[in-house]
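Student: no sequence on this one, just coordinates:
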């Protein structure tokens, strides 16, 4: 029998130490070091090679095996790049209660119903009766959807060999354990082993595997970072728990564009795709209200029009507050500094609150000008025109910088009824002409943009 040894592994970043430590020397987190009993590499079972893994010329490789499986849920297919790639390994993460299990249950039911081929749903956290209750609420009743409650990695593969599914969903990877390891479920070694085995099996059998992953308190996928490197696609389900909208965001995709976003609305019958998210986010907009501006941002390849609300009020404290909801806090500090120094707005005695309606998180710098105009509108108590959209990045000198995909942004704004749009003086056309039906107002500085927006 091979000799074992003990080491301490951080469950947050994967850092290993030979002795127990209260604080991880890698990430600085407390009480994350867990004792793990490891075996030497010679005693571990290596993964077998993938069948047919012989060197071949690129011209000899056929593409028929990589045709995507059509997915009836269009927003999910959009994020994956057009459909499910056979043999792919997809990791889906998100906060507890955000709707990961609901969404993947719908995917399992839709694929089983539309293709007529078996789909295996493996749950390590719920019983079969609990899954049946959810499926009944979602209106899923397909004879080709198989449910099993199992946490053993080897047993999952035996069930898969028996069912011969085209898709396997594992909820969640942190509950899966391998008989080859003695560490507890959810540990670094168990998660790494499970992901590696699922990757090998998916490539060898041509079966698409979806793994549900827990997240840490910072919102990152729990477990070692190598978990995200092993899989083909990493999806995050985001959204405010107090809003009905959910965003499925792709942060890694070997078969499609990254940063692609699908929009869903959580309803009683499950996740309902929102085909026109801009219209949904602007449905409750109050026209001609001071402090409200429409920014045109890009989520992946999709332009989104979002309402940015700002409120400036006289502070009761020595230091004014800056509160950001839906935008980066440091970006808000930068914009308020530019407004105070370059535009001349008096903000040193004003509390500034900025909110993006709908629970969205806007990270693109192209929304900077919309935020600046919304703040100026609230300070001066002048509304922004109802038919005006705003695009532009703000620099520290007060200039408005060019952004990409201007034509696509303007086209989306025109389709929603906007007649004018503030854009940077310099436009990155990318070979595509600007659309007709919307008037463009080029501006060079933030002061010029505010002057034209609040007249």
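Tutor: Right, received. Where do you want to start? As the structure is a prediction and not an experimental result, all values here were calculated from the model.
Student: Okay, now the unreliable bits of the stretch 201-350 of the chain?
Tutor: 217-219, 222-224 (pLDDT under 70).
Student: Enumerate every residue touching the closest residue to residue 294 other than its chain neighbours.
Tutor: Once flanking residues are discounted, residue 294 sits nearest to residue 389: 4.9 Å by C-beta to C-beta, 6 or more residues apart in numbering. The C-beta positions use only the backbone N, C-alpha and C, and glycine is treated the same way. Listed by C-beta atoms under 8 Å, 6 or more residues apart in numbering, the contact set of residue 389 reads 294-296, 305, 409, 413, 418, 420-422.
Student: Specify which member of the residues you listed is nearest to residue 120.
Tutor: Ranked by distance to residue 120 (C-beta to C-beta), those are led by residue 305 at 40.5 Å.
Student: you'd agree the closest one is up against residue 280?
Tutor: No. In this structure, residue 305 is not within contact of residue 280 by C-beta atoms under 8 Å, at 10.3 Å.
Student: for residue 17, which residues make a bridge with it?
Tutor: residue 8 (DSSP bridges).
Student: Let me know how buried it is, in neighbour terms.
Tutor: Using other C-beta atoms under 10 Å, residue 17 has 14 other residues around it.
Student: if I pick it, what's in contact with it?
Tutor: With C-beta under 8 Å, 6+ apart, residue 17 has these contacts: 7-8, 25, 33.
Student: Name only those of those that count as buried.
Tutor: For these, a burial check counting by 16 or more other C-beta atoms under 10 Å picks out 7-8, 33.
Student: what are the ranges of the helices in this protein?
Tutor: 74-80, 100-115, 128-138, 153-163, 188-205, 226-230, 277-281, 329-338, 368-380, 406-415, 446-453 (DSSP state H).
Student: Among those helices, which comes closest to residue 29?
Tutor: helix 188-205 (13.6 Å).
Student: Run the chain-centre distance for the closest one.
Tutor: Helix 188-205 sits 23 Å away from the centroid of its parent chain (C-alpha atoms, centre = their mean, to the nearest Å).
Student: tell me the contacts of residue 229?
Tutor: Shown in contact with residue 229 (C-beta under 8 Å, 6+ apart): no residues.
Student: and it, how far is that from residue 278?
Tutor: 34 Å (C-beta to C-beta, to the nearest Å).
Student: The longest strand anywhere in the chain vs helix 406-415, what angle?
Tutor: Identified as the longest strand of the chain according to DSSP state E is strand 302-314. Between strand 302-314 and helix 406-415, the angle comes out at 80 degrees (axes from the mean of the first three to the mean of the last three C-alpha atoms, to 10 degrees).
Student: List the neighbouring strands of strand 302-314 plus their orientation.
Tutor: strand 292-299 (antiparallel), strand 350-356 (antiparallel).
Student: Name the stretch among these that sits most buried.
Tutor: strand 292-299 (a mean of 25; mean count of other C-beta atoms under 10 Å).
Student: mind checking how far that strand is from the chain centre?
Tutor: 18 Å.
Student: between that strand and helix 368-380, what angle do the directions make?
Tutor: 170 degrees.
Student: tilt between strand 292-299 and helix 446-453?
Tutor: Going by the same axes, to 10 degrees, strand 292-299 makes 120 degrees with helix 446-453.
Student: per-residue confidence at residue 24?
Tutor: Residue 24 carries a pLDDT value of 88.
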